[in-house]
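>>> Any chance you could fold what I've pasted below:
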Amino acid sequence: MSERRSDWIAFVPQLPAQLWLLAAAAFVNFLGYMVTPFLVLYLTEVANFSIESAGVLLTCFGLGGIAGTWSGGRLSDRIGAPNVLVLSFLISGGAMAVIPAISSTLIIGGILIVLAFANGAFRPAYDACVVGLCPEDERSRAYAVYVVAINIGAGIAASLGGYLYAGKPELIFYVDAATSLFAAGLVSVFLARPLNTESKKASKTEMVDGAARAAHKSIAFLLVCLASCVLDVVAKQTSVTLPLYVTSAYGMTPEAFGHLLTLGYLVFAAAVLPVSSWVKERNPIQMAVAGMAIVAAAFSLLPTGSGGSVLVGLYLLITFGQLLFYPAIMSIVMGIAAKDGERSGEYMGFYRTTQSVAGLAAPSIGTFIYAQLFPSALWGFCTILILASALALWRLKGI
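The predicted model follows:
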């Protein structure tokens, strides 16, 4: 019994207490992440907006998120990442609380931009805190703890949000606001400042050519961000175009596909810590490239299969590829950012911005190829795009 327990404990990262506090704050914040899945329903069913108007408002939300991730990183360098986290939570909570009282399309659009901006600023600020607090060899597992925290929080929120929305739709906004304010209190009271003194010391001896380099001027960093952006665009097809494909090619019902997505989330949350522990002992570039190759292989095989069991296997293969890729790529990104401690927030903000751009671009790219050509062309495009990006990333294996 004690041996089994020690094996389980080996998967738990030996992280600073402040990082566990950050993870707890992220969990609380995502526990209230119940508005996003029901936002389009609220706008059309409760606020009585047309579908077209709701689409415009959701586009505003996406653009606000991109601006937030970019600005959040820069603000983290200027006023401190913990302060950005607190402001993000406070602004998000305030925006959530007032939305149910607004009926104007223009005003709601503005509030959604502010809300998305605050949500977007949270991610690079969180990443900058990790860079400042976490030892280099534990960054991949620190990311894994974050993933577990937000997936569990978001999973609970989705179920709870469904019940609240069915009872009284406005409650999802008020509960979300309350959790944001509680997370702000956790960070404000318990998170130490400043966080990144060690990174700043390291930056004085590790700067390239003796001077700070902006994130967008580092070719290696840009290629790493490109690889992540490419995988995000492809992976998001599982919730954009894959639902259309499985109902026709695989004969899967929407309910069954929903269960498949749930399976993927649960597998990812359960496996990310042990897989991250394994990845951190290996070359992160090699692990990221291996993950991309596995995802590419799964997408290339989609047109060749039929039946639910084959689809489950391919979807789990995609999930496994992501399990290898994301902890490794975050370790690489944070390692590059830590070498320039004065600009670590800018680096993380730039990286998160590419993810936001991928989230905005993925539906347009996927649906265009799917509708204008044919599904197999989309899966082939995804495969080639990933492999080309993986090859570019492999050439950086010395960083």
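
>>> Give the phi and psi angles for Cys134, as a check.
Cys134 adopts backbone torsions of phi -100, psi 140, taken as degrees, to the nearest 10.

>>> Next, find the distance separating Tyr370 from Ser300.
From Tyr370 across to Ser300, the span is 16 Å (C-beta to C-beta, to the nearest Å). In this view, the C-beta of every residue, glycine as well, is placed from N, C-alpha and C.

>>> Those two - which one has more neighbours?
The residue with more neighbours, out of Tyr370 and Ser300, is Tyr370; 21 against 18, by other C-beta atoms under 10 Å.

>>> Could you list which residues are in contact with Ala24?
By C-beta atoms under 8 Å, 6 or more residues apart in numbering, the contact list for Ala24 reads 149, 186.

>>> Please, which helix or strand holds it?
In the assignment (DSSP states H and E), Ala24 maps to helix 17-31.

>>> State the mean pLDDT of that helix.
Helix 17-31 shows a mean pLDDT of 85.

>>> So for that helix, what gets flagged as buried?
18-19, 21-31 (16 or more other C-beta atoms under 10 Å).

>>> Same check on stretch 128-146?
Result for stretch 128-146 [16+ other C-beta under 10 Å]: buried residues 128-134, 138-146.

>>> Of those residues, which belong to strands?
The members of the buried residues of stretch 128-146 all map outside strands under DSSP state E.

>>> For the stretch 151-300 of the chain, just list every one of the helices.
171-190, 197-206, 219-235, 237-240, 242-249, 254-279, 284-301 (DSSP state H, counting those that start in this stretch).

>>> before we move on, back to that, nearest to Phe38 among the buried residues of stretch 128-146?
Of all these, Phe38 sits closest to Tyr146, with 24.2 Å by C-beta to C-beta.

>>> quick check, nearest of the buried residues of stretch 128-146 to Glu52?
Tyr146 (36.4 Å).

>>> looking at it, the closest one is touching Tyr126, isn't it?
Yes. The criterion here is C-beta atoms under 8 Å, and Tyr146 meets it with Tyr126 at 7.0 Å.

>>> Pull up the overlap in contacts between those two.
Contacts common to Tyr146 and Tyr126, judged by C-beta under 8 Å, 6+ apart, are 22, 26.

>>> for Tyr245, what are its contacts?
Counted by C-beta under 8 Å, 6+ apart, Tyr245 has contacts 302, 370, 375.

>>> just the residues you listed now: which is nearest Gly161?
For the contacts of Tyr245, the nearest to Gly161 is Tyr370 (29.2 Å; C-beta to C-beta).

>>> For Ala361, pull up the helix or strand it's in.
Counting by DSSP H and E, Ala361 is found in helix 344-372.

>>> still on that earlier bit, any chance of the contacts of Tyr245 in a markdown table, plus distance to Val98 and pLDDT?
As requested, the contacts of Tyr245 are exported to a markdown table (distance: C-beta to C-beta, whole Å; pLDDT from 0 to 100):
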| residue | distance to Val98 | pLDDT |
| --- | --- | --- |
| Leu302 | 44 | 91 |
| Tyr370 | 38 | 87 |
| Pro375 | 43 | 88 |
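
>>> Go through those residues and name the one nearest Cys60.
Nearest to Cys60 among these, with distances taken as C-beta to C-beta, is Tyr370, at 25.0 Å.

>>> my guess is that closest one contacts Trp379, does it?
No. Using C-beta under 8 Å, Tyr370 is not in contact with Trp379, being 9.5 Å away.

>>> sorry, back to before: weakest of the helices of the stretch 151-300 of the chain by average pLDDT?
helix 197-206 (a mean of 44).

>>> Specify which member of the buried residues of helix 17-31 is nearest to Leu396.
Closest to Leu396, out of all of these and judged by C-beta to C-beta, is Leu19, at 27.3 Å.

>>> Pick out the residue nearest the middle of this structure.
Most central in the chain under C-alpha atoms, centre = their mean is Gln355, positioned 7.4 Å from the mean C-alpha point.

>>> what's the distance between that residue and Arg395?
Between Gln355 and Arg395 the computed distance is 22 Å (C-beta to C-beta).

>>> same check, this time on Gly305
As judged by C-beta to C-beta, Gly305 and Arg395 stand 32 Å apart.

>>> which one of these two has more residues nearby?
Gly305 (14 against 11).

>>> Would you confirm that the more buried one contacts Leu317?
No. Gly305 lies out of contact with Leu317 (C-beta under 8 Å); the separation is 11.1 Å.

>>> Spell out which residues are contacts of both of the two.
With C-beta under 8 Å, 6+ apart, Gly305 and Leu317 have no common neighbours.

>>> so which helix or strand takes in Leu393?
helix 375-394.

>>> Can you add distance to Val333 and give the helices of the stretch 151-300 of the chain back as CSV?
Output for the helices of the stretch 151-300 of the chain, formatted as CSV (distance: least, C-beta to C-beta, whole Å):
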stretch, distance to Val333
helix 171-190, 22
helix 197-206, 14
helix 219-235, 6
helix 237-240, 23
helix 242-249, 27
helix 254-279, 14
helix 284-301, 10
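
>>> Ok, which of those comes nearest Thr59?
Taking those one by one with C-beta to C-beta, helix 237-240 is closest: 15.0 Å.

>>> Now find how far off-centre that closest one is within its chain.
15 Å (C-alpha atoms, centre = their mean, to the nearest Å).

>>> repeat for stretch 269-289
With C-alpha atoms, centre = their mean, you get 17 Å for stretch 269-289.

>>> same thing with stretch 221-232?
Counting by C-alpha atoms, centre = their mean, stretch 221-232 comes out at 13 Å from the chain centroid.

>>> now do stretch 163-178
24 Å.

>>> likewise stretch 174-182?
For stretch 174-182, the separation from the chain centroid amounts to 20 Å (computed by C-alpha atoms, centre = their mean).

>>> Please enumerate residues in contact with that stretch?
Contacts of stretch 174-182 (C-beta under 8 Å, 6+ apart): 28-29, 31-35, 89-90, 92-94, 96-97, 100, 160, 164.
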